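S.K.: A structural model of the following input is requested.
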Amino acid sequence: MQSEPALSDPFAALEPGDYGTDVCVRRADIAAEFHNEDIELVRVYVDENQDLRRVSEDSFVRNVVVDAPDDAAFIKRMLVDVPSDATEDTLMVSALLHGAIPSSFVRLGEPSGKNVVTRIMGLDVETNKIDMLVSLGKAVQQQEGIGIAMVESALDNLAGLEDVEGIEQYIQQNLL
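M.R.: Here you go, the predicted structure:
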């Protein structure tokens with residue numbers, strides 16, 4: 001009997017034509033843990049084949065993964081059956097595959113909009129941004145009263161702080 005994979009794709013809940021923001025790494029940079037300097041914010045939309053494509057140039061990023069028998073297969077399915085227009089330079093793997101990251105964190109109402117992911121990626125902090133997204137996702141899932149609007153408001157307040165030490169302290173005390 002195989003266990004369910006621990007990974008989940010927050011884009012699986014989006015429909016073709018929906019916009020979002022993924023946080024990706026190049027295939028060569030896949031690791032057990034991602035560091036801020038290795039990750040890249042990518043504005044995407046879901047195409048008719050459940051692929052993610054860059055909003056800016058319509059190039060293939062990765063497949064949306066709905067299910068897989070295990071974690072290794074899950075990772076591989078992001079880059080199987082790539083379209084003929086995909087190149088090694090455009091292929092990426094998502095760093096947002098933790099089950100705690102909800103689709104509401106990645107979904108955008110418009111291509112240039114903001115969401116939880118864009119707000120976190122825009123912060124000038126040393127705190128691991130992927131860990132922060134996972135922690136915020138867990139908080140939203142487990143604690144009543146913490147909604148997306150509250151998280152976005154707190155992140156907007158963070159963006160206004162200029163003192164990096166103040167930002168780190170605020171994150172620890174108010175968000176994590």
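
S.K.: looking at the chain, which helix or strand is least sure?
M.R.: The weakest-scoring helix or strand in the chain, judged by mean pLDDT, DSSP states H and E, is helix 164-170 (a mean of 62).

S.K.: can you get me a residue count around residue 8?
M.R.: Using other CB atoms under 10 Å, the number of residues around residue 8 comes to 21. C-beta: built from backbone N, CA, C; applies to glycine.

S.K.: if we ignore the residues flanking it in sequence, what's nearest it?
M.R.: residue 99 (4.0 Å; CB to CB, 6 or more residues apart in numbering).

S.K.: which residues does that neighbour contact?
M.R.: Residue 99 is in contact with 6, 7, 8, counting by CB atoms under 8 Å, 6 or more residues apart in numbering.

S.K.: where along the chain do the strands fall?
M.R.: Per DSSP state E, the chain carries strands over the ranges 19-26, 40-46, 51-54, 60-63, 92-94, 107-108.

S.K.: any chance of JSON lines for those, columns mean pLDDT, distance to residue 154 and mean neighbour count?
M.R.: Converted to JSON lines, the strands of the chain look like this (pLDDT from 0 to 100; distance: least, CB to CB, whole Å; neighbours: other CB atoms under 10 Å):
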{"stretch": "strand 19-26", "mean pLDDT": "95", "distance to residue 154": "18", "mean neighbour count": "22"}
{"stretch": "strand 40-46", "mean pLDDT": "97", "distance to residue 154": "19", "mean neighbour count": "19"}
{"stretch": "strand 51-54", "mean pLDDT": "96", "distance to residue 154": "27", "mean neighbour count": "21"}
{"stretch": "strand 60-63", "mean pLDDT": "96", "distance to residue 154": "29", "mean neighbour count": "23"}
{"stretch": "strand 92-94", "mean pLDDT": "93", "distance to residue 154": "24", "mean neighbour count": "23"}
{"stretch": "strand 107-108", "mean pLDDT": "97", "distance to residue 154": "18", "mean neighbour count": "20"}
